[in-house]
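> Structure for the following, please:
(chains A, B, C and D)
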2 protein chains.
Amino acid sequence: MNIGELAKLSGVNSKLIRHYESIGLVPKAMRSDSGYRIYSKTDIQFLRFIRRARGLGFSMKEIKKLIGLWRNKSRASKEVKSLAMTHIKALETKISEMQEMADSLRLLAKSCHGDSRPECPILNRLEINE
Amino acid sequence: MNIGELAKLSGVNSKLIRHYESIGLVPKAMRSDSGYRIYSKTDIQFLRFIRRARGLGFSMKEIKKLIGLWRNKSRASKEVKSLAMTHIKALETKISEMQEMADSLRLLAKSCHGDSRPECPILNRLEINE
DNA sequence: ACTTGACCTTCCAATCGCTGGAAGGCCGAT
DNA sequence: ATCGGCCTTCCAGCGATTGGAAGGTCAAGT
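Numbers count the residues shown, from 1 in each chain, chains lettered A, B, ... in the order given. The predicted structure is shown next:
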């Protein structure tokens, strides 16, 4: 299977597959005589794993660890769980930060007439000193 | 005032101030004979404005627009409001995406024993085919 | 046989918003 | 005069892609 087909089947585009190879996230693929990368079915599963982990917001670094754990059939589930919990915490932190941003902005937007007059509490708030 | 003092007073570090100048977010500063950037009090307010807008998660592009509106005393408040509303929408989208990630992960983590056994629903879920 | 077009290859650059370092100049105090 | 702490520029890197250019390969149609 060429890279294009793998891309289609895994949901990870070719460019990204090559990139993942270059950063060592996926092992170097076999090559045909003409230099084309050759893949097999197991690569589909592998890339889907990565795609799903990305979909859950894991970083490349975390995914590397997850892959290691995934392949290591004697891993302890607590290692995976702790990785997941750490990531959940990070997500929660980010979420509440953004929540605060959105709340502040909603408040400001609410008090802004939003008409053709120039008075604007949003800008006023941003320019407040100290 | 030199850049270091401005940094202290505005809460935006010198490196970043120079960077902002280089991307045209802040106007080029006057220079002393020896080439040092010279600032005045109004620059403090200006940089604080940027800092607060960043704190609300606005992108550089959006901040450029906000600055334009801020300076234009005859702007219509609806322009500012619509910019804010767009940004709120973007924040909400991102928040709910992350919320979904966190929810899925929490669910998976919950069903994972988290002990020394290798069975792990988190990894199982990631490797599911199709 | 030849050409087309869809694939594949590599490499380099851009995105966004910084942050870091290196190499050098300037300034004020001791 | 020398020291530390500023300041200057430029270049490079982060993370995770995405884009493009320039070129090789392959299979199908004419």
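
> How is chain A divided into domains?
A:1-75, A:77-130 (automatic domain parsing).

> Mean neighbour count for those domains - can I get that in TSV?
Every residue, glycine included, has its C-beta placed from N, CA and C. Below are the domains of chain A laid out as TSV (neighbours: other Cβ atoms under 10 Å in any protein chain shown):
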stretch	mean neighbour count
domain A:1-75	15
domain A:77-130	16
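
> Comparing the ones you listed by mean pLDDT, which bottoms out?
Of all the domains of chain A, domain A:77-130 carries the lowest average pLDDT, namely a mean of 91.

> picking up where we left off before, of the domains of chain A, which is nearest residue B:61?
Across the domains of chain A, residue B:61 has its closest neighbour in domain A:77-130 (16.1 Å, Cβ to Cβ).

> what about that closest one and DNA strand C, touching?
No - for domain A:77-130, no contact with DNA strand C is found by Cβ under 7 Å from any atom of the strand; the gap never falls below 13.1 Å.

> touching chain B at all, that domain?
Yes - remark: domain A:77-130 sits within contact range of chain B at A:77-78, A:80-82, A:84-85, A:87-88, A:91-92, A:94-95, A:98-99, A:101-102, A:104-106, A:108-109, A:112-120, A:122-123, A:125-129, by Cβ under 8 Å from any Cβ of the partner chain.

> now swap in stretch A:50-60 and tell me
Yes - with Cβ under 8 Å from any Cβ as the measure, stretch A:50-60 is seen reaching chain B through A:52-53, A:55-57.

> Turn the domains of chain A into TSV, columns for distance to residue B:39.
Shown next, in TSV, are those (distance: least, Cβ to Cβ, whole Å):
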stretch	distance to residue B:39
domain A:1-75	38
domain A:77-130	16
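
> Rebuild those domains as CSV, extending it with distance to DNA strand D.
Below are those laid out as CSV (distance: least, Cβ to the nearest atom of the strand, whole Å):
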stretch, distance to DNA strand D
domain A:1-75, 3
domain A:77-130, 11
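
> Contact partners for residue A:6?
Applying Cβ atoms under 8 Å, 6 or more residues apart in numbering or on different chains to residue A:6 gives the contacts A:12, A:14, A:17, A:39, A:43-44, A:47.

> That one is in what secondary structure piece?
Using DSSP states H and E, residue A:6 sits in helix A:3-10.

> now stretch A:107-119, how far from the centre of its chain.
Its chain's average C-alpha position is 36 Å from that of stretch A:107-119, according to Cα atoms, centre = their mean, to the nearest Å.

> Of the contacts of residue A:6, which belong to helices?
If you go by DSSP state H, the contacts of residue A:6 have A:14, A:17, A:43-44, A:47 in helices.

> So the residue of chain A positioned farthest from its centre: helix, strand or coil?
Residue farthest from the centre of chain A, counting by Cα atoms, centre = their mean, is residue A:117 at 42.1 Å. Judged by DSSP: H, G, I helix; E, B strand; the rest coil, the three-state class of residue A:117 is coil.
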